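>>> Here is my input; please provide its structure:
(2 chains)
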Amino acid sequence: DAKTTQPPSMDCAEGRAANLPCNHSTISGNEYVYWYRQIHSQGPQYIIHGLKNNETNEMASLIITEDRKSSTLILPHATLRDTAVYYCIVRVNTNAGKSTFGDGTTLTVKP
Amino acid sequence: DTAVSQTPKYLVTQMGNDKSIKCEQNLGHDTMYWYKQDSKKFLKIMFSYNNKELIINETVPNRFSPKSPDKAHLNLHINSLELGDSAVYFCASSQAWRGKPGELFFGEGSRLTVL
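Numbering: from 1, shown residues only, chains lettered A, B, ... in the order given. Just a heads-up that it's a prediction; the model follows:
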């Protein structure tokens, strides 16, 4: 599975959009981009995923560049409860994928 | 109803002991995983089972032995515990569907402390 690179930390003001970047320049054609977050040592929680099209759900939006080498997770109106470590991973389209997590980005939402 | 449940949540034990952590998922998923998260918060995959068969075995000491009695359960047994085994162990499951790998559902973690 491809490796991902994320900034170690980011701050965001409450109510503003949080844009979390992820670089996955070695991604291959059958790998999906997944985002998870981990709030204070709880189990990681699924947020969103995509292959090449932009995706949106009730939690966030995912923007994937045309060459698929990077993506951005957007939390449109960040709240204090969104403070967490956000992980971007890539996974192959079978259950055999390793789903290796990188260091993630610690997002701190400030009042 | 908890989707992925692990027991125990906390485990404190002495070096050299043998201990087990149990995991059960009620999602009907075919694949289950064990991850280890150390004090630096790096989440690293250890094992993956698909329909009771081992498909991923990362560089893990053979003191760690996973066992999957059926596809809903994946237990982790650790022999001769060492200080470096102290970590939070997460169980997860997923289900591939129509070419998509399926999202991972994680348990709440089992915090192991070796004294």
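>>> Going by C-alpha atoms from here, please, whenever you check contacts or count neighbours.
Will do.
>>> the bottom helix or strand of chain B by mean pLDDT?
Within chain B, confidence by mean pLDDT, DSSP states H and E is lowest for strand B:53-57 among all helices and strands, at a mean of 82.
>>> Just to be sure, A:Arg68 is in a strand?
No. Assessed with DSSP: H, G, I helix; E, B strand; the rest coil, A:Arg68 is coil; it does not lie in a strand.
>>> Correct me if wrong: it contacts A:Ile27.
Yes. The pair A:Arg68 and A:Ile27 passes the contact test of Cα atoms under 8 Å, sitting 7.2 Å apart.
>>> Report pLDDT for A:Ala2.
pLDDT for A:Ala2: 66.
>>> oh, I was asking about A:Lys98
Here, the pLDDT recorded for A:Lys98 equals 65.
>>> do the same with the one 3 residues further on
Each residue has a pLDDT score; the one for A:Phe101 is 82.
>>> hang on, it packs against A:Ile89?
Yes. Contact status for A:Phe101 versus A:Ile89: in contact at 5.9 Å, counting by Cα under 8 Å.
>>> The next helix-or-strand element following the least confident helix or strand of chain B: which residues count as buried?
Sequence-wise, the next helix or strand downstream of strand B:53-57 (DSSP states H and E) is strand B:64-70. For strand B:64-70, the neighbour count (16 or more other Cα atoms under 10 Å in any protein chain shown) marks B:Phe64, B:Pro66, B:Lys67, B:Ser68 as buried.
>>> Give me every residue in chain B lying close to chain A.
Selection of chain B residues close to chain A by Cα under 8 Å from any Cα of the partner chain yields B:31, B:41-45, B:48, B:50, B:55-56, B:90, B:94-96, B:99-109.
>>> Narrow those to those in strands?
Residues of the residues of chain B next to chain A located in strands (DSSP state E): B:Thr31, B:Leu43, B:Lys44, B:Ile45, B:Ser48, B:Asn50, B:Ile55, B:Ile56, B:Phe90, B:Ser94, B:Phe105, B:Phe106.
>>> Let me know the pLDDT of the residue positioned nearest the centre of chain B.
Nearest to the geometric centre of chain B sits B:Trp34, at 2.7 Å (Cα atoms, centre = their mean). The model reports B:Trp34 with a pLDDT of 93.
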